[in-house]
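> no sequence on this one, just coordinates:
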């Protein structure tokens, strides 16, 4: 969906999990040495390696009356436009 809104085809890469974990350890070590945060961690590898990763707002709707203002499609489209407008893409 993101690639489509950017007028691109998605890039699909298959990375072996052990290699991704090793790369995450290097990323974490580099961040520690540089005293900077990193986005690529072993926890992220764990999240990305799950076959199915879904989220539902149903419990928030049921328990708190929460309703999403945007559909995923609208949110992705508006975000892509903002990134382009602000020179991030």
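Here it is on my side, so go on. What you are looking at is a predicted structure, and each value in this text was computed from that prediction instead of being measured.
> isn't residue 78 up against residue 70?
Yes - using Cβ atoms under 8 Å, residue 78 is in contact with residue 70, at 7.5 Å. Just so you know, the C-beta spots here come from the backbone N, C-alpha and C atoms, and that holds for glycine as well.
> what comes into contact with the helix or strand where residue 59 lies?
Of the helices and strands defined by DSSP states H and E, residue 59 is found in helix 58-64. Outside helix 58-64, the residues within contact range by Cβ atoms under 8 Å, 6 or more residues apart in numbering are 66, 67.
> right, and the helix or strand after it?
Criterion used, DSSP H and E; the element after helix 58-64 is helix 72-85.
> and that next one, what does it pack against?
helix 2-5 (3 or more Cβ pairs under 8 Å, 6 or more residues apart in numbering; DSSP states H and E).
> what lies in contact with the following helix or strand past the helix it packs on?
Using DSSP H and E, the next helix or strand after helix 2-5 towards the C-terminus is helix 17-34. Helix 17-34 is contacted from outside by 37, 38, 40, 41, 42, 44, 45, 48, 49, using Cβ under 8 Å, 6+ apart.
> in PyMOL, how would I select just the buried ones from those?
Those of the contacts of helix 17-34 that count as buried under 16 or more other Cβ atoms under 10 Å are selected in PyMOL with:
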select buried, resi 40+45
